[in-house]
Structure formats: structure tokens, C-alpha cells
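Asker: Everything below, folded, please.
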Amino acid sequence: MSNSKNKTIETPPIAFMIFNRPEYTKAVFTEIRKARPKKLFIIADGPRTPSEEAACLETRAIVEHIDWLCEVHRNYAEKNLGLKERFRSGLNWFFENVEAGIILEDDCLPHPSFFRFAGEMLERYKDNKQTMMISGDNFLPNFEIKDSYTFSKFFSIWGWATWRRAWVKYDVDMKSWDSPSYKRKIKEIYNKKYMRTHMTKMFDDVYANRLKTWDVQWLYTCLMHDGLCIIPYVNLVSNIGISGTHQGGYNQNLPIFDIYRGNFTHPQVITHNIEYDNIFYERDFKPKFQSIRAHLYGKMVATLVQYEAIKKIYRSLVKVKIFISSKRGSWN
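Answerer: Predicted coordinates for the structure are as follows:
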């Protein structure tokens, strides 16, 4: 048992990523105000079109209301940088100024206990290089975790925290992906073929710049450095801004709970919870793989059917041609 519940743990520095959604921003900022961090870094992208400018300004106005003692830093882009560049440059700036901290997007609504949990984990594992991230998300509410948290190789960024020591390894261009040894590492990490296929395809798309994002590169960084992610035994952050079709809707607007509501216990050893990951992958990724495979199989069958039909027509035409030729010969 731990006395974490009675500890006074300072809220870590927070990087708050905002854009053009004032309603979501207000809800999340309300929780940040309750947590009263001593350092707050606000990172905003610029409008994509002139029509978005008003919403961007309204969103930025919300975070001007700092009513507690706080060192505030702002990094506002005048022009739109896009998701990939805004996150890369914004988080680089954040970790140039802090050793460790929390990252919250404008639609990631945390439970108040998330801030304490992140602070405690950042302090406890600051020198453990294998632990590269703390997530506030638990997408398997019915999975029994023995202690108050476990270690996973799934790195969810809907409310998370990390250290400068981990972030400095981040490479937005994934330059090492063209190395055969890194591709082989995927086979070592994932024992399911559909996961190897899914991850390889995703990394290929990011490397070729077909998929313009930032978070896949962070996942890649953690995996290639044999990293682990801390997962709480209850869900601490709810994504209030995703559509119902995202990942099958399983992870939309999940309820959030107080992680300190009972006895808080730490795992005795740092080890990958393979069972947790396999169940999560089976639920969230296998159906996609099977759907894609079924779609491709359907297209292949349709093509074969068309081919057979065309072949039959061709044979019929050949027979007609032979018949006509024979008749012409008899007429002569």
C-alpha cells in the first residue's frame, strides 16, 4: 500500500495545445485552473483560412484568465503550421524549458486526480529510461490490473506526460525507418501478424509523408527505444472531441475516475503487460485488419468473376467466328 493519497504533489508544468475550438478549450482549461500549475505553456496554431480567425482568437481569449500564481508562456503561430509541425515545434519548445511535464490537447478532459498521478509518476520514474511516457488513458475498463497502474507498449496521447530525456529522441521524419534492423524490430515487438501488418503500413505511410501527423512518430520513437508507457488502472482522461466512428467508437467520451479512491499500490517490477496489449489490439485493431482483408478479398473475387465472364464471352465469340468461317467455306 502507498500513502500517495495523503502526499502533497505539485502539479507538473503543463503544455496546453489549443486551436479553434473554444467550447472544448474552456472545459479543459477549467480543470487546469483547478490544478493550478506553477508553469503553463500555451501552444496555439494559426487559422487555416480567414474564416477561422475569429474562432482562434476566441479560443486564445479563454486562456488569458489566469487567476492563480503562475508563470505563463505562450507560443502562438500567426499562420497555420498544420498538425505535424505545430506539435513538433511546440513540444520541442516546451521541453527546452522544462525537464518533465504534462501535455493536454483542447479536447482531452482530465479527472482532477490525473495531475497528481502524472506528477507522482514523473518523479518516481524520472531516472528509469525504459519508462518513456505516462498516459491518462485506459481503454479497457473491464481488464483487471493488479496494482494502480501497469506498463504497456501502447502509447495513447489523449492526456499524457513525459520527460525531456525521452522527448529528445523524437524524430518527426523517422529517418531510421529505412534500416532493415528497425523493420525487423516490429516482428520482435508484435506477435500478431495483423499488428505487424498494421504498424508497418502506418510507419511506411508516415515515412513517405502520405500520412501527415506527429503522434505516430512518437509511438515509433518509444517502440524503437524499447520504451514502456504507464497505464492507470482506471481511465483518467476523456476525449470529448472525437467522432463516434473513431476506432469503432470504443474510446469516445469514456467516463473518468479518481485513481486515488482506494489503496494506491505500485507494481513490484517494471514489466510489459502483454496480456493487456493483446486484448486491446484484438478489440481495436484486428477488426480493422479483417475488414481491410475482407474488402481486398471481395475485390479479388469480383475481379475473378468478371474475368471468367469475359473469358466465356470471348470463347463464345471465337466459336461464332469459327462457325461463320466454316459456313463461308461451304458457300464457296
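Asker: these two touch, right, Met133 and Lys153?
Answerer: No. Contact criterion Cβ atoms under 8 Å: Met133 and Lys153 do not qualify, at 10.4 Å. All C-beta atoms are positioned from the backbone trio N, CA, C, and that covers glycine.
Asker: Quickly list what's touching both of these two.
Answerer: Common neighbours of Met133 and Lys153 (criterion: Cβ atoms under 8 Å, 6 or more residues apart in numbering): Cys222, Gly227, Leu228, Cys229.
Asker: for the residues you listed, which one is nearest Ile66?
Answerer: Closest approach between the shared contacts of Met133 and Lys153 and Ile66, by Cβ to Cβ: Cys229, at 30.8 Å.
Asker: residue contacts, that closest one?
Answerer: Cys229 is in contact with Thr131, Met132, Met133, Ile134, Ser135, Phe151, Ser152, Lys153, Phe154, Phe155, Ser156, Cys222, counting by Cβ under 8 Å, 6+ apart.
Asker: Between the two ends of stretch 145-152, how far is it?
Answerer: End-to-end distance for stretch 145-152, by Cα to Cα, to the nearest Å: 12 Å.
Asker: Equivalent analysis for stretch 132-140, please.
Answerer: Terminal residues of stretch 132-140 are spaced 21 Å apart (Cα to Cα).
Asker: mind checking how far it is from the chain centre?
Answerer: 10 Å (Cα atoms, centre = their mean, to the nearest Å).
Asker: Just flag the most distant two among the contacts of Cys229.
Answerer: Thr131 and Ser156, at 15.1 Å, using Cβ to Cβ across these.
Asker: rewinding a little: need the contacts of Cys229 in CSV (columns: neighbour count and distance to Phe19).
Answerer: Putting those into CSV (neighbours: other Cβ atoms under 10 Å; distance: Cβ to Cβ, whole Å) gives the following:
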residue, neighbour count, distance to Phe19
Thr131, 21, 30
Met132, 24, 26
Met133, 26, 23
Ile134, 28, 24
Ser135, 27, 22
Phe151, 20, 32
Ser152, 22, 28
Lys153, 19, 29
Phe154, 19, 25
Phe155, 22, 22
Ser156, 21, 20
Cys222, 21, 25
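Asker: pLDDT and distance to Ser113 for these - can I get that in CSV?
Answerer: Shown next, in CSV, are those (pLDDT from 0 to 100; distance: Cβ to Cβ, whole Å):
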residue, pLDDT, distance to Ser113
Thr131, 99, 20
Met132, 99, 22
Met133, 99, 18
Ile134, 99, 13
Ser135, 99, 14
Phe151, 99, 20
Ser152, 98, 19
Lys153, 97, 24
Phe154, 95, 21
Phe155, 97, 21
Ser156, 96, 17
Cys222, 98, 24
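Asker: so which of those comes closest to Glu188?
Answerer: Closest approach to Glu188 among the contacts of Cys229 (Cβ to Cβ): Lys153, at 11.2 Å.
Asker: and the closest one, what does it touch?
Answerer: Lys153 sits next to Ile189, Cys222, Leu223, Gly227, Leu228, Cys229, His272, Asp277 when contact means Cβ under 8 Å, 6+ apart.
Asker: Have a look at the protein and report the helix or strand with the lowest mean pLDDT.
Answerer: Ranking every helix and strand in the chain by mean pLDDT, DSSP states H and E puts helix 286-331 at the bottom, with a mean of 54.
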